[in-house]
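Q: below is the sequence, then the predicted model.
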Amino acid sequence: MSKVRFQCEFPIRSSRGVLYAAVSTPSGLSEWFCDDVNIRNTRHEFAWNDDISIAHLVAKKRDEFVRFQWESNEDGPTDAFFEFRIKVDALTGDTTLVITDYAYPEDCEDERGLWGAQVDRLRQVLGA
């Protein structure tokens, strides 16, 4: 069974620039997403406790989005990615963080819950 793509949308009370820094820089990511981030060119090592996952930055646009693609693992090559996209409603000015990720169909709800918990940490960090 292969992984399926899913999206989560979270309203965030923050400016676009501040939110972009939180989802795209090592210091920003290590405050809410993981314990530590080490970067070498496009290669990002995300550390959680003693576990390290490697992803490559494949696309970004300042103050709009950042996309990472996971490096191949023991299951073989993967084309799964995760993306942080910032949307601002033109009418209301409300900012939304749209997260795109991949999971096995039976795990999608659990993954949405994990992202919700992570974004709660992000909101605390941003004071949003």
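A: Looks like it arrived, so ask away.

Q: sec struct for Ile39, please.
A: Secondary structure for Ile39, judged by DSSP: H, G, I helix; E, B strand; the rest coil, is strand.

Q: tell me how far Glu64 lies from Phe10.
A: From Glu64 over to Phe10 the distance is 16 Å, taken as CB to CB, to the nearest Å. Placement of C-beta: from N, CA and C, glycine included.

Q: for Ala103, same thing?
A: From Ala103 over to Phe10 the distance is 17 Å, taken as CB to CB.

Q: ditto for Gly116
A: To Phe10, Gly116 is 7 Å away according to CB to CB.

Q: send me the longest helix belonging to the chain as PDB with only the CA atoms.
A: Counting residues, the longest helix in the chain under DSSP state H turns out to be helix 108-126. Backbone C-alpha positions of helix 108-126 (Å, rounded to 0.1, in the frame of the first residue of the first chain) are rendered in PDB as follows:
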ATOM      1  CA  CYS A 108      -3.900  10.000   8.000                       C
ATOM      2  CA  GLU A 109      -6.100  11.000  11.000                       C
ATOM      3  CA  ASP A 110      -3.300  10.300  13.400                       C
ATOM      4  CA  GLU A 111      -0.900  12.300  11.300                       C
ATOM      5  CA  ARG A 112      -3.400  15.200  11.200                       C
ATOM      6  CA  GLY A 113      -3.500  15.100  15.000                       C
ATOM      7  CA  LEU A 114       0.300  15.100  15.200                       C
ATOM      8  CA  TRP A 115       0.400  18.200  12.900                       C
ATOM      9  CA  GLY A 116      -2.200  19.800  15.100                       C
ATOM     10  CA  ALA A 117      -0.100  19.300  18.200                       C
ATOM     11  CA  GLN A 118       3.000  20.700  16.400                       C
ATOM     12  CA  VAL A 119       1.100  23.700  15.200                       C
ATOM     13  CA  ASP A 120      -0.100  24.300  18.700                       C
ATOM     14  CA  ARG A 121       3.600  24.500  19.700                       C
ATOM     15  CA  LEU A 122       4.200  26.900  16.800                       C
ATOM     16  CA  ARG A 123       1.400  29.200  18.000                       C
ATOM     17  CA  GLN A 124       2.900  29.200  21.500                       C
ATOM     18  CA  VAL A 125       6.300  30.100  20.100                       C
ATOM     19  CA  LEU A 126       4.900  32.900  17.900                       C
END
